[in-house]
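A.B. asks: Have a look; sequence and predicted model below, questions after that.
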Amino acid sequence: MTFASVLENPLYLRRDVLYSLSPPTGFLHRIGQKNELIMELAPILMGSAVSCVFVYGNPGAGKTGILLSLLDELKQEAGSRSMKLKTAYVNCSENRTETVILLEILNQLNPAKNYPKMGWNRAMVIDEFSSALDDKDTQLLVLLDEVDYVLKESGDDILYRLSRINDTVKTKVSTIVISNDVRVADYLKPRTRSAVSRVKVIFPPYTDEELYDILKARSSHAFKSGVVADHVLRKIAEIEAHRDGDARKALELLDNCAKNAVAKKRAKITLDLVNDADATLERDQTLNIITSLTQQQKLVYLSILKNQASIMGGMDVYKLYQETCSSYNLKPLTERRVRSFCVNLKDLGLVESEVGWLSDLKKKTRRIEVTLDDALKEKVVKVLRDSL
Ligand SMILES: Nc1ncnc2c1ncn2[C@@H]1O[C@H](COP(=O)(O)OP(=O)(O)OP(=O)(O)O)[C@@H](O)[C@H]1O
Ligand SMILES: [Mg+2]
């Protein structure tokens, strides 16, 4: 292959459209959810704060995209009514403590101040946050996305604070919280639960008909005309609907089919490419992720994979890691660092892990489980060893 041959391919019109968060033709099949959210958020336009609307749904259910587009609509509407409405979007998988989240909101409210992400203690941040919210004619709407991360790792302080903030500041603060995990309320302390859990909007997985429509609309912008047949889209929709009803994965699978068609110099995406693309997708992704790990992350992952037991505790991992380090003649990092690498590996989908009780221990620990099948595990171990 050459760059020129890829650019001259007869298939793609605009590949990036397949991955854009907001679809060129708008979001499909979410009218019920949108209406519910509009009802919940409308009081903001009447000058009242809305406390913690919860939005739940599996990955790829359209939560982030739809909420961000609604926030834009809301801001426009507020603007046309000369109301002052500011919004802040925080992804909690990248901002995992109350302090960091508050700093991120402050940075979005006031970019010129360039708040440092490190070096400020909690009390300083809380003071600054309170004094930034001193205008009674302004409203602030905070969207906390992927909130599971912060709840599981550093507790519910941020939600508690935001749910009570209107008692202490002049600006009216509303909050929307997005989570993958419907059991998210289990991570809330009772004092917070009573303040936040009133409204829930659920984004269910997409059905095959819905996925088909989403793929169809997107493919008309991503591919040249006549390149993708309807039965190909139907097949992809069916495969993904039987899994998680995930629109992102359906679009990815379509892209993978197209990539394979380009590589094979085909002029069309045909049905036979779908199964092949589906089979290679998971494998490729895992191997791609592995090569992007840092040396220390690789050492930790290798230690986990080399262990015979598929389920282990945090302390086991650390011991194995120390052993691996000595066999590679490297100085081990502290247990705390290794614990955070385990969290990274989990976020990347390379292991499954939860904080909980291991049967033979008397205290809570991180429980780590390897979910790769044996063939892939072997391949991954080889790639890791080769790259260390
Ligand atoms: N109803 C829809 N119509 C068109 N495209 C959609 C729809 N829902 C999701 N998508 C597309 O699927 C992809 C994933 O959507 P989004 O990121 O909003 O999902 P999410 O629910 O936030 O997932 P996660 O929980 O993984 O963050 C995006 O490219 C988005 O444009
Ligand atoms: Mg999202």
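C.D. replies: Thanks, I have it. Ligands and ions are numbered 1, 2, ... in the order given.

A.B. asks: my guess is residue 351 meets residue 366, correct?
C.D. replies: No: with contacts counted by Cβ atoms under 8 Å, residue 351 stays clear of residue 366, the gap being 10.0 Å. C-beta: built from backbone N, CA, C; applies to glycine.

A.B. asks: shared neighbours of these two, anything?
C.D. replies: residue 342 (Cβ atoms under 8 Å, 6 or more residues apart in numbering).

A.B. asks: Of these two, which one has the most company?
C.D. replies: residue 351 (23 against 18; other Cβ atoms under 10 Å).

A.B. asks: Which residues are in contact with the more buried one?
C.D. replies: Counted by Cβ under 8 Å, 6+ apart, residue 351 has contacts 301, 304, 342, 345, 368-371.

A.B. asks: And the residues you listed, which two are furthest apart?
C.D. replies: 342 and 371 (14.1 Å; Cβ to Cβ).

A.B. asks: Who has more neighbours out of those two?
C.D. replies: Under the criterion of other Cβ under 10 Å, the comparison of residue 342 against residue 371 puts residue 342 first, with 23 against 11.

A.B. asks: buried residues in the helix or strand where the more buried one lies?
C.D. replies: Per DSSP states H and E, residue 342 falls inside helix 335-347. Going by neighbour count (16 or more other Cβ atoms under 10 Å), the buried part of helix 335-347 is 338-339, 341-346.

A.B. asks: picking that back up, among the contacts of residue 351, which one lies nearest to residue 195?
C.D. replies: Closest approach between the contacts of residue 351 and residue 195, by Cβ to Cβ: residue 342, at 32.1 Å.

A.B. asks: I'd assumed residue 365 was in contact with that closest one.
C.D. replies: No: using Cβ under 8 Å, residue 342 is not in contact with residue 365; the gap is 10.8 Å.

A.B. asks: who's in contact with residue 150?
C.D. replies: Contacts of residue 150 (Cβ under 8 Å, 6+ apart): 92, 95-98, 101, 144, 158.

A.B. asks: Ligand 1: which of the residues you listed is nearest?
C.D. replies: Nearest to ligand 1 among the contacts of residue 150: residue 92, at 11.0 Å, using Cβ to the nearest ligand atom.

A.B. asks: quick revisit: just the ones of the contacts of residue 351 in strands?
C.D. replies: Using DSSP state E, the subset of those located in strands is 368-369.

A.B. asks: min pLDDT across the contacts of residue 351, which one?
C.D. replies: Looking at these by pLDDT, the weakest one is residue 371, with 80.

A.B. asks: separation between that one and ligand 1?
C.D. replies: Distance, residue 371 to ligand 1, using Cβ to the nearest ligand atom, to the nearest Å: 18 Å.

A.B. asks: for residue 228, same thing?
C.D. replies: Counting by Cβ to the nearest ligand atom - residue 228 and ligand 1 are separated by 16 Å.

A.B. asks: Which pLDDT value belongs to that residue?
C.D. replies: 95.

A.B. asks: is it in a bridge, and if so with what?
C.D. replies: residue 269 (DSSP bridges).

A.B. asks: For it, the count of nearby residues, please.
C.D. replies: 24.

A.B. asks: doesn't residue 221 make contact with it?
C.D. replies: No: using Cβ under 8 Å, residue 228 is not in contact with residue 221; the gap is 11.7 Å.

A.B. asks: Dump the contacts of residue 150 into TSV; add secondary structure, distance to residue 255 and pLDDT as well.
C.D. replies: Formatted as TSV, the contacts of residue 150 follow (DSSP: H, G, I helix; E, B strand; the rest coil; distance: Cβ to Cβ, whole Å; pLDDT from 0 to 100):
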residue	secondary structure	distance to residue 255	pLDDT
92	coil	28	86
95	coil	29	76
96	coil	30	74
97	coil	35	82
98	helix	38	90
101	helix	33	92
144	strand	30	96
158	helix	36	93
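
A.B. asks: how about the residues you listed in TSV, adding neighbour count and distance to residue 378?
C.D. replies: Shown next, in TSV, are the contacts of residue 150 (neighbours: other Cβ atoms under 10 Å; distance: Cβ to Cβ, whole Å):
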residue	neighbour count	distance to residue 378
92	25	35
95	22	37
96	19	33
97	17	38
98	22	42
101	27	41
144	26	40
158	28	42
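
A.B. asks: could I get the residues you listed as JSON lines with distance to residue 26?
C.D. replies: What follows is the contacts of residue 150, written out as JSON lines (distance: Cβ to Cβ, whole Å):
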{"residue": "92", "distance to residue 26": "27"}
{"residue": "95", "distance to residue 26": "29"}
{"residue": "96", "distance to residue 26": "32"}
{"residue": "97", "distance to residue 26": "36"}
{"residue": "98", "distance to residue 26": "35"}
{"residue": "101", "distance to residue 26": "30"}
{"residue": "144", "distance to residue 26": "25"}
{"residue": "158", "distance to residue 26": "32"}
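
A.B. asks: And the furthest pair within these?
C.D. replies: The largest separation in the contacts of residue 150, counting by Cβ to Cβ, is between 97 and 144 at 12.6 Å.

A.B. asks: about what we covered before: include distance to ligand 1 when you put the contacts of residue 150 into JSON lines, please.
C.D. replies: Shown next, in JSON lines, are the contacts of residue 150 (distance: Cβ to the nearest ligand atom, whole Å):
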{"residue": "92", "distance to ligand 1": "11"}
{"residue": "95", "distance to ligand 1": "15"}
{"residue": "96", "distance to ligand 1": "16"}
{"residue": "97", "distance to ligand 1": "20"}
{"residue": "98", "distance to ligand 1": "21"}
{"residue": "101", "distance to ligand 1": "17"}
{"residue": "144", "distance to ligand 1": "12"}
{"residue": "158", "distance to ligand 1": "18"}
